[in-house]
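Novice: sequence first, then the predicted structure:
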Amino acid sequence: TLGGYADFMEKEIAEQPEAIERLLKSRLGEKGILLDELRMSEEDLAAVDRIFIIACGTSYHVGLIARTLIQTWAHVPVVCEYASEFNYEQDVLITEHTLCMIITQSGETADTLTAARRMKGLGCKVFAVTNVLGSSAARESDGVLYVQAGPEVCVCSTKAYTAQMVACALFALRLAQANGHMDATEVSGHYADLATLPDLIRTVLSRAWQDKQAAAVFRRAHSALFLGRGVNSTTAYEGALKLKEISYLHAEAYPAGEMKHGPIALLEPGFPVVAIVPEDRVHDKTVSNIQEVIARGATCVAVATDGDESVASLCEHVLWIPPVEDELLVPIVAVVHLQVLARYVARSRGCDVDKPRNLAKSVTVE
Ligand code: M6R
């Protein structure tokens with residue numbers, strides 16, 4: 001039931017802090033992170049020398065973040081692919097110790113299941129990151145990582161997205177400890193950073209009025225461009241997907257540095273651009289992209305870190321996020337503004353946010 005919320009999307013956005021808290025608490029054991037249902041021994045984990053992440057839609061975006069976390073924390077090379085592309089590639093370059101990770105909220109996405117079967121056929125161990133107990137993905141895989149976000153009713157994924165990212169972060173830490181790239185103290189340090197996420201998300205949720213105000217920029221727009229760098233290029237992809245999925249407004253996302261290689265031609269007075277520009281190593285580079293956007297008269301809505309005057313002085317609206325200790329975790333906080341923004345835009349355009357046209361919750365045909 002909706003329990004006082006206007007729609008399931010609003011309810012599920014609000015449930016994110018508790019979902020992440022629940023997941024984190026249930027995965028902390030005396031010896032570190034518990035992922036028993038992966039069904040992999042310490043030796044098997046330590047031996048993993050390549051990972052294929054395969055997924056669709058929002059779950060593919062989780063995969064992009066997981067790739068960075070695994071490569072940075074566990075030093076294992078990762079390939080991340082759309083299942084629909086992977087399934088028709090001629091050659092799959094696996095080693096004896098390649099692991100395949102499929103990410104699927106519903107556990108029923110046909111393309112993703114086909115990819116898992118292909119990998120199993122090649123002799124590769126497959127595990128599924130999924131939110132649905134006993135789903136096809138869970139049953140057909142060698143191991144599972146349950147996301148425990150609770151049922152997601154809205155077609156547009158919100159709480160499963162953020163919880164899946166946290167589940168993948170836990171996996172990256174588990175792998176890093178198994179293969180010796182992190183000791184127990186380092187793992188606890190990263191776990192402590194993850195444990196700050198629920199309150200950071202609560203802070204973002206308390207600022208929904210900022211998203212409501214910014215939504216006015218998109219009400220009559222025909223198109224929007226989302227920009228971000230590094231891990232937040234993925235936040236841009238996810239923000240654009242949310243917006244187009246529920247508001248039917250065309251939105252495109254690019255890594256901010258790619259703007260000058262084409263999309264800059266779109267810019268004209270009033271064209272809406274959403275820039276994700278937190279305090280991080282690429283902050284100044286993204287600020288110069290915002291300057292290029294503003295110089296062409298376009299309207300910029302930014303997601304930025306509290307107190308960042310360099311962004312506030314340039315942009316029409318700023319969606320503020322509190323400081324996040326580890327910049328690799330910013331996507332889990334910043335995306336919440338983009339979920340809330342997309343919902344306000346969709347509602348202002350009279351759309352049914354829970355049941356967007358032409359879409360199904362799980363896509364069971366290829
Ligand atoms: O259940 P899955 O995670 O496998 O679903 C994959 C996509 O169909 C799904 O994420 C889709 O992109 C969402 N509607 C996005 O909000």
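Specialist: Alright, I've got the coordinates.
Novice: residues near Gly143, how many?
Specialist: Residues near Gly143, counting by other CB atoms under 10 Å, number 18. The C-beta positions use only the backbone N, C-alpha and C, and glycine is treated the same way.
Novice: cool, and Val324?
Specialist: Other residues close to Val324 by other CB under 10 Å number 21.
Novice: with adjacent residues omitted, what lies nearest to it?
Specialist: In this structure, Val324 finds its nearest non-sequential neighbour in Val330, 4.9 Å apart by CB to CB, 6 or more residues apart in numbering.
Novice: show me which residues of stretch 260-272 are buried.
Specialist: Across stretch 260-272, burial judged by 16 or more other CB atoms under 10 Å covers 263-264, 267, 271-272.
Novice: ah, wrong one, I meant stretch 21-29
Specialist: Across stretch 21-29, burial judged by 16+ other CB under 10 Å covers 21-24, 27.
Novice: what does stretch 258-271 rub up against?
Specialist: Under the criterion CB atoms under 8 Å, 6 or more residues apart in numbering, residues 221, 223-225, 227, 252, 254, 273, 289, 292-293, 296-299 lie in contact with stretch 258-271.
Novice: contact residues of the chain facing the ligand?
Specialist: By CB under 6 Å from any ligand atom, the part of the chain that sits against the ligand consists of 56-59, 104-106, 109, 112, 155-157, 241, 245, 359, 362-363.
Novice: I'd like to know which of those are buried.
Specialist: Burial by neighbour count, 16+ other CB under 10 Å: within those this picks out 56-59, 104-106, 109, 112, 155-157, 241, 245, 362-363.
Novice: narrow those to those in helices?
Specialist: Among those, the ones falling in helices (DSSP state H) are 57-59, 112, 241, 245.
Novice: what's the separation between Leu2 and Ser135?
Specialist: 25 Å (CB to CB, to the nearest Å).
Novice: between these two, who's got more neighbours?
Specialist: Under the criterion of other CB under 10 Å, the comparison of Leu2 against Ser135 puts Ser135 first, with 22 against 11.
Novice: list the contacts for the more buried one?
Specialist: Shown in contact with Ser135 (CB under 8 Å, 6+ apart): 104, 106-108, 128.
Novice: same question for Gly32.
Specialist: Gly32 is in contact with 173-174, 177, 184, 187-188, counting by CB under 8 Å, 6+ apart.
Novice: secondary structure and neighbour count added to these, as a markdown table?
Specialist: Formatted as a markdown table, the contacts of Gly32 follow (DSSP: H, G, I helix; E, B strand; the rest coil; neighbours: other CB atoms under 10 Å):
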| residue | secondary structure | neighbour count |
| --- | --- | --- |
| Leu173 | helix | 27 |
| Arg174 | helix | 24 |
| Gln177 | helix | 22 |
| Ala184 | helix | 10 |
| Val187 | helix | 18 |
| Ser188 | helix | 16 |
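Novice: now, among those, which is nearest to the ligand?
Specialist: Arg174 (21.5 Å; CB to the nearest ligand atom).
Novice: Gly230 touches His283, doesn't it?
Specialist: No. With contacts counted by CB atoms under 8 Å, Gly230 stays clear of His283, the gap being 10.0 Å.
Novice: these two: who's more crowded?
Specialist: Remark: of Gly230 and His283, Gly230 carries more neighbours, 22 against 17, as counted by other CB under 10 Å.
Novice: just give me the neighbour total for Cys80.
Specialist: A total of 22 residues lie near Cys80 under the criterion other CB under 10 Å.
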